[in-house]
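Undergrad: A structural model of the following input is requested.
(one chain, ligands or ions: 1)
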Amino acid sequence: MKLAVVGATGLVGTEMLKVLAERHFQLDELLPVASARSVGQLVEYQGRQFPVVSMEDALAAAPDIAIFSAGGSVSKEFAPQFAAIGTTVIDNSSAWRMDPSKKLVVPELNAQELTAQDKIIANPNCSTIQMVVALNELHQRYKVRRIVVSTYQSVTGTGKKAVDQLMQERAGQPASAPAYPHPIDLNVLPHIDVFEPNGYTKEEMKMVNETRKIMGDDSIRVTATCVRIPVMGGHSEAINVEFAEEFDEAEVLEILRRTPGVELVDDVAQNRYPMPKDSRGRDAVLVGRVRRDATQPRTLNMWVVADNLRKGAATNAVQIAEYLVAMGLV
Ligand code: 2RA
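TA: Reported below is the predicted structural model:
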């Protein structure tokens, strides 16, 4: 198995290598791919050193799988070139997610849709992944009709530049190269990615559109407010979900307990509820504060937290790769 990680030196790329090693993903050759200035740097993987290579050299090596996390423009340009030589691409950017010919995959929900013909597979947005993991089994039982979600997203979702801004501001210094239009320390920004003409941000529209595609139901209505908060890792979401069918709270909790990928953390009498600090470095989607919304029928509130670099990006992509290998699709 020859595997390329494109964007290997970024926050998500680094996490991908970590997750691959943790899960003992068996490789004959690793091709860490990064920009020209990083070519030649050594990357450690399972006790061996691998040099960072250029995109051209990675293409020439014809890997079996290429996991991309290098931005949409890189994916748009190079994913088809890898696919053309038979490589299966798993892309963490938004470039291919809403392309009708490409599958948008959260393994717990829809990995079974994958075939050997899928040569570019889209990894969903982090804030979407944790929400659909938490809701899918409930959707199967009660059919989701409408979701109102507010997110509280870590600066690691933006990248190293945002982490640096937060740390500099927290140290009382002005940010040397701010990632955001405003200070982020001791502040929150209702602004993730760019604003669309409809007044929503791209991040908010990703949650609307990706949720419907992954859950396979265009009738699901979603409205989102995505907020950046000064937290170093872990996205949180307040989800209000209306179902078509009436539910029983005890059954809801039972369904969540057995939902693949979910860990129920819900005991307010003991002050137990999901928090970003408890999600860091883990792959579980933590669900708590589960309670009926008494203001309208068949509606539930819940609080959902996950490590946005892991289940929200790296782990989900690696789980797709594991599925492809296990099913003999690569
Ligand atoms: C963010 N979900 O948090 C986006 C991209 N990682 O910024």
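Undergrad: how close does the residue lying closest to Met98 once chain neighbours are set aside get to Ala60?
TA: Closest residue in space to Met98, ignoring its immediate chain neighbours: Asn209 at 5.7 Å, by CB to CB, 6 or more residues apart in numbering. Using the backbone N, CA and C atoms, a C-beta is placed for each residue, glycine as well. Separation of Asn209 from Ala60 (CB to CB, to the nearest Å) stands at 36 Å.
Undergrad: got a list of contacts for stretch 103-117?
TA: Stretch 103-117 is contacted from outside by 97-98, 118, 121-124, 129, 132-133, 136, 210, 213-216, 259-261, 316, 319-320, 322-324, 327, 329-330, using CB atoms under 8 Å, 6 or more residues apart in numbering.
Undergrad: one step back: and Asn209 and Ala60? which has more neighbours close in?
TA: The neighbour comparison of Asn209 against Ala60 (other CB atoms under 10 Å) goes to Asn209, with 17 against 11.
Undergrad: these two touch, right, the more buried one and Asp99?
TA: No. The criterion here is CB atoms under 8 Å, and Asn209 misses it with Asp99 at 11.6 Å.
Undergrad: which ones among the contacts of stretch 103-117 are found in helices?
TA: Counted as lying in helices by DSSP state H, out of those, are 129, 132-133, 136, 210, 213-215, 316, 319-320, 322-324.
Undergrad: What about the one residue in the stretch 101-250 of the chain that gets nearest to the ligand, how many residues nearby?
TA: Nearest residue of the stretch 101-250 of the chain to the ligand (CB to the nearest ligand atom) works out as Gly157 at 2.1 Å. Residues lying near Gly157 (other CB under 10 Å) number 26.
Undergrad: okay, it: pLDDT?
TA: At Gly157, the model reports a pLDDT of 97.
Undergrad: can you tell me how far it sits from Arg221?
TA: Between Gly157 and Arg221 the distance is 25 Å, computed by CB to CB.
Undergrad: hmm, back to that, who's in contact with the residue of the stretch 101-250 of the chain closest to the ligand?
TA: Applying CB under 8 Å, 6+ apart to Gly157 gives the contacts 126-127, 192, 228, 235, 308, 312.
Undergrad: just checking, which of those residues belong to strands?
TA: Assigned to strands by DSSP state E, the following of the contacts of Gly157 qualify: 228, 235.
Undergrad: filter the contacts of Gly157 by proximity to the ligand?
TA: For the ligand, the contacts drawn from these by CB under 6 Å from any ligand atom are 126-127, 192, 308.
Undergrad: want to throw the ones in helices among the contacts of stretch 103-117 into a markdown table with neighbour count and distance to Pro80?
TA: Putting these into a markdown table (neighbours: other CB atoms under 10 Å; distance: CB to CB, whole Å) gives the following:
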| residue | neighbour count | distance to Pro80 |
| --- | --- | --- |
| Ile129 | 27 | 24 |
| Val132 | 26 | 27 |
| Val133 | 26 | 29 |
| Asn136 | 22 | 30 |
| Glu210 | 24 | 21 |
| Lys213 | 20 | 20 |
| Ile214 | 23 | 23 |
| Met215 | 22 | 27 |
| Asn316 | 26 | 22 |
| Gln319 | 22 | 24 |
| Ile320 | 24 | 18 |
| Glu322 | 16 | 24 |
| Tyr323 | 17 | 22 |
| Leu324 | 21 | 18 |
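Undergrad: Run through the residues of the protein sitting next to the ligand.
TA: Within the chain, the positions lying close to the ligand (CB under 6 Å from any ligand atom) are 125-127, 153, 157-158, 192, 203, 308.
Undergrad: Does anything pack onto the helix or strand of the chain with the lowest mean pLDDT? Which helices or strands?
TA: Ranked by mean pLDDT, DSSP states H and E, the weakest helix or strand in the chain is strand 42-45, scoring a mean of 91. Contacts defined by 3 or more CB pairs under 8 Å, 6 or more residues apart in numbering; DSSP states H and E place strand 42-45 against helix 11-22, strand 29-33, strand 48-51.
Undergrad: Try it again at 6 Å.
TA: Other elements packing on strand 42-45 under the criterion 3 or more CB pairs under 6 Å, 6 or more residues apart in numbering; DSSP states H and E are strand 48-51.
Undergrad: Give the buried residues for the strand it packs on.
TA: Using 16 or more other CB atoms under 10 Å as the test for burial, strand 48-51 gives Phe50.
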